[in-house]
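Student: Model the structure of this input:
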Amino acid sequence: MIRVLIADDHPVVRQGLRTFLGVQDDIDVVGEAADGAEVVSQAEALAPDVILLDLKMPGVDGLTALEELRGRGVEARVLVLTSASERARVVPVIRAGAAGYLYKDVDPQALVQAIRAVHDGHVLFAPEAADAMLSPERGDKGATALTAREREVLVQIALGRSNREIARSLVVSEKTVKTHVSNILMKLGLQDRTQAALYAVRHGLAER
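Tutor: Have a look, this model is predicted:
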């Protein structure tokens, strides 16, 4: 079962999500939070696997709560579910460690799939959020600039795997994987693994 904590300041939204997610065979809604401070305390008390996190909440907002969760070592995967459409909000949230970023108009079944994907270690972003992370001018050289092995590593990054897991999968040393990752970021003009994962998803490489 995937243990989910719902964080939103609107009771109707929380109840709607709880009702819908509650009928899924593999999802268990273990708690709710109405503000950022409550998110942190509930996450520590309930140890959820996935947190559905709204950004606009009274008092401690979603971004601050996310930073606090990471600072306290809470291992739950955080899937942002927000109505906030400002592109400027996306990057700070992803930098703070969110594993996904969706908008509240997402199809309900797509939300369920997103929860499962994030729980399995994938990163998942609405197209608009991905665009905010990867501006059009980035990665102009495209994946053609990568070697075959670098493309393999990029796909593994998109699947949410660590350097150690990638090394084991490709039967190479962890040091070799680190070198490949550095080369990928340099060639594609990206800053970190999250952007690399987004690049792979956006260009359909993660499905290969």
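Student: what separates Asp35 from Glu44, distance-wise?
Tutor: From Asp35 across to Glu44, the span is 15 Å (CB to CB, to the nearest Å). The way it works is simple: take the backbone N, C-alpha and C, and place the C-beta from them, glycine included.
Student: more crowded one of those two?
Tutor: Asp35 (18 against 13; other CB atoms under 10 Å).
Student: who's in contact with that one?
Tutor: Shown in contact with Asp35 (CB atoms under 8 Å, 6 or more residues apart in numbering): Asp9, Met57, Pro58, Gly59, Val60.
Student: List only buried entries from those.
Tutor: Asp9, Met57, Val60 (16 or more other CB atoms under 10 Å).
Student: Now the first one. Its backbone dihedrals?
Tutor: The one in question is Asp9. In terms of degrees, to the nearest 10, the main-chain angles of Asp9 are phi -80, psi 0.
Student: Kindly report the same for Leu69.
Tutor: Per-residue torsions, Leu69: phi -60, psi -50 (degrees, to the nearest 10).
Student: Quick one: neighbours of it, just the number.
Tutor: Residues near Leu69, counting by other CB under 10 Å: 23.
Student: likewise Val40?
Tutor: Counted by other CB under 10 Å, the residues lying close to Val40 total 22.
Student: longest single helix anywhere in this protein?
Tutor: helix 174-188 (DSSP state H).
Student: other SSEs contacting that helix?
Tutor: Judged by 3 or more CB pairs under 8 Å, 6 or more residues apart in numbering; DSSP states H and E, the packing partners of helix 174-188 are helix 148-158, helix 163-170, helix 193-202.
Student: Many thanks, we can stop here.
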